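> take a look and give me a structure for this.
(one chain, ligands or ions: 2)
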Amino acid sequence: KKLIVLDVDCGHDDAQAIMLALTQPNVQVLGITCVAGNVDVDQVCRNVLRVLKVFGRLDVPVYRGANVPILGKLVDARYWHGKDGLGDVPDPDPPSEELVQSEHAVNALLRLSKEHPGEISLVAVAPLTNLALAVRMDPQFPARLKELVIMGGNINARGRVTPTAEFNFAYDSAAAHMVLSSYTCPVSDLPYEICRFSSDSGIPWDEWDRIMGIPTERGKFHAAILATSVEREKAAKSYGPHYHTCDPFALIVAAHPEVVQESEDVYATVELHGEVTRGQMVCDYRGVWNKEPNLRIIKKVDMKAAIQMFHDALQ
Ligand code: BDR
Ligand code: CA
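Ligands and ions are numbered 1, 2, ... in the order given. Okay, here's the model as predicted:
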């Protein structure tokens, strides 16, 4: 089985990534490390436990990590994911928070990489604070990973929390810079424009409505936590003819690399000094800096396969 560790700031698309991870027959989730982003880290841990409970997988270890970025002020994404990060759907019977491991997420990452050298696909769909701390504590950490797959950053300066920066990279730009400049393992990236705006990565609304209508306990839970954001987007028509989501794609690429239909290797870094562009990912497409590529940008995935994974996960 593929060994995967997920690093999340569990909003609803992180929850989707976890759901897909737990239900791929070829994947073993070694652990889920939590970091602040969409909501504070304690709420992230609660949300992860909630998803694990619905999927009957409270055996998966959950680790609490950083609650503030390396540098910069906190800007959460509650406006988008809900006050609780999961669409503000009450949980009548929340799992005990004592289920969160006492080991810090960063220590867990280092330990797991030693226990499974060269075997772990680390899937990071959140601000990269834990990953930046891990490489500072142990510079050999990235070399012990099989690969890192990130959802974050942007390839054409199309932003979200600022005009030019994607949320995960804007929230902790220093960490994003540290990761891109020091992770020596193969690094793939699902950038914001591809996840959010490309018609190639959208799920047609009628297909999506079928997924939202899956009548199982898992399907109903998924539909409930997604309802507010999906209705908002449908009404605003800002998504056009497709539903778009971000974090699940990083998991899909890690679990099933064969779904990648188009990618580009580039050297990429993160703007840290721009007055209006801090957090923007900068890609040297033309090789002006003459540097070796450090990032494989995923540009297109097999959407039929992706849609099927949602169905399988929620049945
Ligand atoms: C990213 O920002 C977060 O709100 C989502 O969970 C996703 O990881 C998209 O920009
Ligand atoms: Ca996320």
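
> ligand 2 contacts on the protein?
9, 14, 125, 126, 247 (C-beta under 5 Å from the ion). For the C-beta atoms, the positions are set from N, CA and C on the backbone; glycine is no exception.

> so which bits of stretch 254-273 are buried?
Neighbour counts over stretch 254-273 (16 or more other C-beta atoms under 10 Å) mark 254, 255, 256, 259, 260, 263, 266, 267, 268, 269, 270, 271 as buried.

> tell me how far it lies from the chain's centre.
13 Å (C-alpha atoms, centre = their mean, to the nearest Å).

> for residue 5, grab phi and psi.
Dihedral pair for residue 5: phi -120, psi 130, per degrees, to the nearest 10.

> pLDDT value on it, please?
Residue 5 carries a pLDDT score of 99 in this model.

> what do you get for residue 248?
98.

> any idea how far it lies from residue 70?
Counting by C-beta to C-beta, to the nearest Å, the gap from residue 248 to residue 70 is 26 Å.

> can you pull the contacts of the closest residue to ligand 2 within the stretch 201-315 of the chain?
Minimum separation of the stretch 201-315 of the chain from ligand 2 (C-beta to the ion) falls at residue 247, amounting to 4.8 Å. Residue 247 makes contact with 8, 13, 14, 16, 17, 125, 151, according to C-beta atoms under 8 Å, 6 or more residues apart in numbering.

> recalculate using a threshold of 10 Å.
Contact partners of residue 247, counting by C-beta atoms under 10 Å, 6 or more residues apart in numbering, are 6, 8-18, 20, 123-126, 151-152, 168, 190, 195.

> now the buried members of these.
By 16+ other C-beta under 10 Å, the contacts of residue 247 give 6, 8-18, 20, 123-126, 151-152, 168, 190, 195 as buried.

> lowest-confidence helix or strand of this protein?
helix 78-81 (a mean of 88; mean pLDDT, DSSP states H and E).

> phi, psi of residue 128?
Per-residue torsions, residue 128: phi -90, psi 30 (degrees, to the nearest 10).

> my guess is it meets residue 169, correct?
Yes. Using C-beta atoms under 10 Å, residue 128 is in contact with residue 169, at 7.9 Å.

> for the stretch 51-200 of the chain, which residue gets nearest to ligand 1?
residue 167 (3.5 Å; C-beta to the nearest ligand atom).
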